[in-house]
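>>> sequence and computational prediction follow.
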Amino acid sequence: MADKDTVGAVIVAAGRGERAGEPGSAPKQYRPIGGRQVLAWTIDSFKNHPDIDAIAVVIHADDHSLFDRALQNCSQPAVLTIVEGGANRQESVLKGLEALSDAGLSHVLIHDGVRPFANGPLIDRVIARLRNGSMAALPAIAVADTLKNAFHGDRVDGTVPRRGLFAAQTPQGFEFAAIFDAHQRASLNSDGEFTDDCSIAEWAKIPVDLVGGDPENVKLTTAGDIALADEKLGRKNLTNAIPDVRTGNGYDVHAHIAGNSVTLCGLEIANDQALSGHSDADVALHALTDALLATCGQGDIGDHFPPTDPQWEGAASHIFLEHAAELVRKAGGVISNVDITLICEAPKIGPHKAAMRSKLGEILSIPVERCSVKATTNERIGFIGRREGIAAIATATVVYGYDTDD
Ligand SMILES: Nc1ccn([C@@H]2O[C@H](COP(=O)(O)OP(=O)(O)OP(=O)(O)O)[C@@H](O)[C@H]2O)c(=O)n1
Ligand SMILES: C[C@](O)(CO)[C@H](O)COP(=O)(O)O
């Protein structure tokens, strides 16, 4: 039995983002905008809303570690139900509704994980409409452009009268029992896929009422949309008139020992020697962790993860870098770029540079073009030249003065 007036949310984020696809990049809901993943912004909009009692996030089976990382960038811990999605949006929504079906909800909002700008007033309008008796509430914007048909390449076939046309947004709000039943029945109906939940409501003869959408509440569909969103968040959150740009540097060195691989920039690389030292001895990530900590006066890696503490023995060094990035974010910083120089006679770094840059982007949640990895030998001079160890120098530039939710 549904409790009177309890509202849940289903956030669907199980798509592959093919239209935004860039080689080697994460699906669009995990790409960084304004210093954290698209999905972290979206989840926060609902998590921070006082009227939302339960949230199910629908993710792709391959995305658990990307999701866990996005969750670390949400402003507060929250109880979320996580469920794996289906082959299309409609199937993913049904899985989200199933996951909330025992939560005793009277209403549910269904939202795209790739609409990170759904703000409190928009969510309020949808909930208010439901509380006023609507079975389904659709935020939408009247179409402003003149619309054309072109069914055969670039030749225009005609003009579509735009009177009465609206562009549908999410979150779309529903009586829980009504939309759950409609979705279950629609999943058995083989007449093609519905691209939004109000279409399913219409199909099930549930009356749908319009509420005002928000022009800012765009769906991120292409790589260009993601770049614009990143720029917009950057501008909006910068509170200081004079940019507070800080640079930090870091240096680390580890000695060689017998072995057959080294870990550098988070990648295990075959080599005729291994490295000894703190954690997995990833000199590159250690130097970069120090560089980031330096930008917010947070000491160095040893202050946060003492080498004497046995729990860090053999640990993967991305943990340290993620922690430093989180401290930067909490201090109101947005990482502008990072740069690492590896100094070693072997292994050859060139073939691994692209993968190393991608790995840094993934760990720090910043675009790959803001991550640089270079390498040099030591011309066979000194301890590095004699292949007694590998060193790394890192620089990080961070812009401070951004709003922080923490
Ligand atoms: N099988 C799917 C497909 C889509 N979605 C979600 O539905 C929302 C809107 O879909 P869309 O923008 O079309 O996302 P993608 O399907 O990822 O994009 P594309 O069609 O370009 O692959 C997104 O938050 C997406 O993650 C989902 O949960 N499960
Ligand atoms: C649900 C939706 O966001 C409403 O505008 C939209 O229909 C989903 O977009 P898709 O690209 O067709 O999946």
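That came through, no problem. Numbering: from 1, shown residues only. Ligands and ions are numbered 1, 2, ... in the order given.

>>> and the residue nearest to residue 111 when sequence neighbours are not counted, what is it in contact with?
Distances taken as Cβ to Cβ, 6 or more residues apart in numbering put residue 171 closest to residue 111, at 3.9 Å, once the chain neighbours are dropped. (C-beta placed from N, C-alpha, C; glycine too.) The neighbours of residue 171, taking Cβ atoms under 8 Å, 6 or more residues apart in numbering as the test, are 9, 109-111, 118, 122-123, 126, 139.

>>> need the residues you listed in CSV with neighbour count, can you?
CSV is the format used below for the contacts of residue 171 (neighbours: other Cβ atoms under 10 Å):
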residue, neighbour count
9, 29
109, 27
110, 27
111, 30
118, 27
122, 22
123, 24
126, 29
139, 26
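
>>> nearest to ligand 1, of those?
Nearest to ligand 1 out of the contacts of residue 171 is residue 111 (Cβ to the nearest ligand atom; 8.2 Å).

>>> does the helix or strand containing that closest one reach ligand 1?
Taking DSSP states H and E as the definition, residue 111 sits inside strand 107-112. Yes: applying Cβ under 6 Å from any ligand atom, one finds strand 107-112 touching ligand 1 at residue 112.

>>> what sits up against the next helix or strand after that strand?
Scanning forward in sequence from strand 107-112 by DSSP H and E, the next helix or strand is helix 120-131. Contacts to helix 120-131, defined as Cβ under 8 Å, 6+ apart, come from residues 5, 7, 45-46, 48-49, 51-52, 107, 109, 137, 139, 171-175, 209, 211-214, 217.

>>> swap in 10 Å and give it another go.
Contacts to helix 120-131, defined as Cβ atoms under 10 Å, 6 or more residues apart in numbering, come from residues 5, 7, 9, 45-46, 48-52, 106-109, 111, 115, 118, 134, 136-139, 169-176, 209-214, 216-217.

>>> and ligand 2, which of the residues you listed contact it?
Among the contacts of helix 120-131, the residues within reach of ligand 2 (Cβ under 6 Å from any ligand atom) are 169-170.

>>> and the helix or strand of the chain with the lowest mean pLDDT, what does it pack onto?
Lowest mean confidence among the helices and strands of the chain (mean pLDDT, DSSP states H and E): helix 223-237, at a mean of 84. Judged by 3 or more Cβ pairs under 10 Å, 6 or more residues apart in numbering; DSSP states H and E, the packing partners of helix 223-237 are strand 32-33, helix 38-47, strand 333-343.

>>> specify the local secondary structure of the residue lying closest to residue 101 once chain neighbours are set aside.
Distances taken as Cβ to Cβ, 6+ apart place residue 180 nearest to residue 101, at 6.2 Å, with adjacent residues excluded. When classified by DSSP: H, G, I helix; E, B strand; the rest coil, residue 180 comes out as helix.
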